[in-house]
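Undergrad: A structural model of the following input is requested.
(4 chains)
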Number of protein chains: 2
Amino acid sequence: MLSAAPAKVSAMTTTSPQGRTELLRPDGSPVRVLVVDDELSITELLSMALRYEGWQIRSAGDGTGAVQTAREFRPDAVVLDMMLPDMDGLTVLGRLRRELPDVPVLFLTAKDAVEDRIAGLTAGGDDYVTKPFSLEEVVARLRGLIRRSGAADRRSESVLVVGDLTLDEDSHEVSRGGDNIHLTATEFELLRFLMRNPRRVLSKAQILDRVWSYDFGGQANVVELYISYLRRKIDAGREPMIHTRRGAGYLIKPATS
Amino acid sequence: MLSAAPAKVSAMTTTSPQGRTELLRPDGSPVRVLVVDDELSITELLSMALRYEGWQIRSAGDGTGAVQTAREFRPDAVVLDMMLPDMDGLTVLGRLRRELPDVPVLFLTAKDAVEDRIAGLTAGGDDYVTKPFSLEEVVARLRGLIRRSGAADRRSESVLVVGDLTLDEDSHEVSRGGDNIHLTATEFELLRFLMRNPRRVLSKAQILDRVWSYDFGGQANVVELYISYLRRKIDAGREPMIHTRRGAGYLIKPATS
DNA sequence: TGCGTTTCTCAGGGAAATCACAGGTTGCCG
DNA sequence: CGGCAACCTGTGATTTCCCTGAGAAACGCA
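TA: Residues are numbered from 1 along each chain as shown, chains lettered A, B, ... in the order given. Below you'll find the predicted structure:
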């Protein structure tokens, strides 16, 4: 769907050999993202996940470094922890904005600080996620920001399609063969992950790492449980699209094949 | 979109991928707005929000800078704080008018300011909002000013329509299926925000940031409360148009789908 | 100033979502 | 074909999120 870009416009999405759809900048170069957090484990985690998206990543551990890196790296988006050691989050934001007036920012905040100093942060089209976050959530939000900022293709749609199954990332609507399907937040994220990797086996560990928060300490069989939920809603009485590869994981693919 | 413009009027709106309608100038370039305020946090907030509308923004912190910037930037509209450090608001206005005789001005005033003087000023087609303002209010007023000044767009754009629900931004009239509905000021702004982003999930944070004043420090559940009020007036006994996406936010869409 | 309207806080109720647990089922291997 | 591991799914406890009534405070208008 997305890969069937019209010829007259320079292609701004491309489909990787594995079937993944990636965002690209107008000139065809990879999207650039700057990650700013003082916890090394977080920047590492994010860098890895975002690189996996095919993006080019730099990271910084404090406000000073963030501004410096932004100046020469000129990212298309920034992931910014609001709690930095050397300066207040809003100060960093201000200095970043002086360097890159139009760059969209995804804020990371502690859950209990949500009310605290979040006010106004989404007003300019920016967005935020609370710690602990899931990687799928961060990636999805970033994709949304980049898409809307115009740094990448305007036509890269917010709708994922696999066979007769569609998932709209803006309206959070899912339908199969025209029938609307209501999903819970977790079901939605799981399905989005599957649909962003069609025909590709995803292990339970991978799924846990991407769809659940990084601090999730529960049983690994939640994945089985949620796959079960999804099947009930999506495959119920139809040709199944979600398949188990015993000992390997799960995959989704169009029913007809 | 642009190429399909009617012959007599050049196209002046375009629809973004998200379904949002943007104002454009007759030649297709973005609308230009100059923001003048001495508080940095205010100019930053406004710049961010107005840029998100797709407009081109410059800002100034005092009257001298305002006049200078206006001279070379030649904005289509000006947002002007009446309390500037270096000169009286009226003086700034006069000098701006010498540069740009026809540019519409949106005044920012403190709530307790002498309203009769402002009222006199707005007789010429200008407008004003009192601090603390909500971003939806500023954006709406600016859109109105720009529309009426003829710098962009045809007149018909002041009515938002979603399904059988209509909202007139000029007369503040709302009706569903022919029935007139009375809304309070806050309800109206909330509904306008929803209707300007149909079929799109808006988080409570986004709604708070846009619809409530920037200094609102209250509980986030006012949003829930006002959604509740809106439902009572708009969805009462009808097919619901306002939907909750648990854990994500709210969205409005035509009843039939 | 007084009264109706609007905005907002607070708190209880209730529904939905998440997840652990455990027993049942399936597929694979020897 | 038996046994084991991997997987599926029903049940229900717990938590989270949302809705809304009641009333206090602020506002606006006469």
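Undergrad: Could you look up the SS state of the residue in the stretch 51-200 of chain A that chain B sits nearest to?
TA: For the stretch 51-200 of chain A, the residue closest to chain B is residue A:124, as judged by Cβ to the nearest Cβ, at 2.8 Å. In short, each C-beta sits where N, CA and C put it, glycine included. When classified by DSSP: H, G, I helix; E, B strand; the rest coil, residue A:124 comes out as coil.
Undergrad: Mind telling me what element the residue nearest to it when sequence neighbours are not counted is part of?
TA: Leaving aside its chain neighbours, residue A:124 sits nearest to residue B:48 (2.8 Å; criterion: Cβ to Cβ, 6 or more residues apart in numbering or on different chains). Assigning secondary structure by DSSP states H and E places residue B:48 in helix B:40-52.
Undergrad: Past that helix, which element shows up next along the chain?
TA: Heading C-terminal from helix B:40-52 (DSSP H and E), you reach strand B:56-60.
Undergrad: What's the mean pLDDT across that following strand?
TA: The average pLDDT for strand B:56-60 rounds to 96.
Undergrad: Could you do stretch A:174-182 as well?
TA: When pLDDT is averaged over stretch A:174-182, the result is 96.
Undergrad: Between the two ends of it, how far is it?
TA: 7 Å (Cα to Cα, to the nearest Å).
Undergrad: Could you do stretch A:174-181 as well?
TA: Termini of stretch A:174-181 sit 5 Å apart (Cα to Cα).
Undergrad: Over to stretch A:72-92?
TA: End-to-end for stretch A:72-92, by Cα to Cα: 16 Å.
Undergrad: Quick check: buried residues in the helix holding residue B:48?
TA: Residues B:42, B:43, B:44, B:45, B:46, B:47, B:48, B:49, B:50, B:51, B:52 are the ones in helix B:40-52 that count as buried (16 or more other Cβ atoms under 10 Å in any protein chain shown).
Undergrad: near DNA strand C too, which of the residues you listed?
TA: By Cβ under 7 Å from any atom of the strand, no member of the buried residues of helix B:40-52 lies near DNA strand C.
Undergrad: Switch these over to CSV, and while doing so, append pLDDT to every line.
TA: What follows is the buried residues of helix B:40-52, written out as CSV (pLDDT from 0 to 100):
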residue, pLDDT
B:42, 94
B:43, 94
B:44, 90
B:45, 92
B:46, 95
B:47, 94
B:48, 92
B:49, 94
B:50, 95
B:51, 92
B:52, 90
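Undergrad: Nearest to DNA strand D, out of those residues: which one, please.
TA: residue B:42 (19.5 Å; Cβ to the nearest atom of the strand).
Undergrad: Remind me what the helix holding residue B:48 packs against, helices and strands.
TA: helix A:89-99, strand B:32-36, strand B:56-60, helix B:135-149 (3 or more Cβ pairs under 8 Å, 6 or more residues apart in numbering or on different chains; DSSP states H and E).
Undergrad: which stretches of the stretch 151-257 of chain A form helices?
TA: A:185-196, A:204-211, A:222-230 (DSSP state H, counting those that start in this stretch).
Undergrad: For those, could you give me JSON lines that also reports mean pLDDT, distance to DNA strand D and mean neighbour count?
TA: Output for those, formatted as JSON lines (pLDDT from 0 to 100; distance: least, Cβ to the nearest atom of the strand, whole Å; neighbours: other Cβ atoms under 10 Å in any protein chain shown):
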{"stretch": "helix A:185-196", "mean pLDDT": "98", "distance to DNA strand D": "8", "mean neighbour count": "21"}
{"stretch": "helix A:204-211", "mean pLDDT": "97", "distance to DNA strand D": "6", "mean neighbour count": "18"}
{"stretch": "helix A:222-230", "mean pLDDT": "98", "distance to DNA strand D": "4", "mean neighbour count": "17"}
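Undergrad: Can you check which of those gets nearest to residue B:188?
TA: Minimum separation from residue B:188 across these (Cβ to Cβ) falls at helix A:185-196, 30.0 Å.
Undergrad: does any bit of the closest one sit next to chain B?
TA: Yes. Using Cβ under 8 Å from any Cβ of the partner chain, helix A:185-196 reaches chain B at residue A:185.
Undergrad: coming back round to it: hmm, residue A:121 and the residue nearest to residue A:124 touching each other?
TA: No. With contacts defined as Cβ atoms under 8 Å, residue B:48 does not count as touching residue A:121, sitting 9.5 Å away.
Undergrad: can you pull the contacts of the nearest residue to residue A:206 once chain neighbours are set aside?
TA: Using Cβ to Cβ, 6+ apart and skipping residues adjacent in sequence, the residue nearest residue A:206 is residue A:249, 7.0 Å away. Contact analysis of residue A:249 by Cβ atoms under 8 Å, 6 or more residues apart in numbering or on different chains lists A:201, A:202, A:203, A:204, A:206, A:207.
Undergrad: So the second one versus residue B:207, what's the distance?
TA: Spelled out, it's residue A:202. 34 Å (Cβ to Cβ, to the nearest Å).
Undergrad: Up against DNA strand C, what does the stretch 101-250 of chain A have?
TA: A:182, A:184-187, A:212, A:216-219, A:221-222, A:225, A:246.
Undergrad: Would you convert those into TSV that also reports distance to residue B:232?
TA: Listed next are these as TSV, based on distance: Cβ to Cβ, whole Å:
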residue	distance to residue B:232
A:182	23
A:184	26
A:185	26
A:186	31
A:187	30
A:212	37
A:216	39
A:217	42
A:218	40
A:219	43
A:221	43
A:222	38
A:225	37
A:246	52
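Undergrad: of these, closest to residue B:111?
TA: residue A:185 (40.2 Å).
Undergrad: What's the local residue count around the closest residue to DNA strand C within chain A?
TA: Going by Cβ to the nearest atom of the strand, DNA strand C is nearest to residue A:218 of chain A, at 2.0 Å. Applying other Cβ atoms under 10 Å in any protein chain shown, we find 8 other residues in the vicinity of residue A:218.
Undergrad: pLDDT score for it?
TA: Model confidence at residue A:218 (pLDDT) stands at 92.
Undergrad: same deal with the one 3 residues further on?
TA: Note on residue A:221: pLDDT of 96.
Undergrad: ok, how many other residues are close to it?
TA: Neighbours around residue A:221, by other Cβ under 10 Å: 11.
Undergrad: Distance check, it against residue A:227.
TA: For residue A:221 relative to residue A:227 (Cβ to Cβ), the value is 10 Å.
Undergrad: can you check residue A:85 too?
TA: 41 Å.
Undergrad: residues in chain A within reach of DNA strand D, list them.
TA: Residues of chain A lying near DNA strand D (Cβ under 7 Å from any atom of the strand): A:204, A:221, A:224-225, A:227-228, A:231-232, A:244, A:246-249.
Undergrad: and residue A:124, what pLDDT?
TA: 89.
Undergrad: try residue A:112
TA: For residue A:112, pLDDT reads 69.
Undergrad: Identify the residues contacting residue A:74.
TA: Applying Cβ under 8 Å, 6+ apart, the residues contacting residue A:74 are A:32, A:100.
Undergrad: and the helices and strands packed on helix B:40-52, which is most packed in?
TA: strand B:32-36 (a mean of 25; mean count of other Cβ atoms under 10 Å in any protein chain shown).
Undergrad: will you turn the helices and strands packed on helix B:40-52 into CSV that also has distance to residue A:106?
TA: Formatted as CSV, these follow (distance: least, Cβ to Cβ, whole Å):
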stretch, distance to residue A:106
helix A:89-99, 12
strand B:32-36, 25
strand B:56-60, 22
helix B:135-149, 20
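Undergrad: Out of those, which is closest to residue B:75?
TA: Closest among these, using Cβ to Cβ: strand B:32-36, at 4.0 Å.
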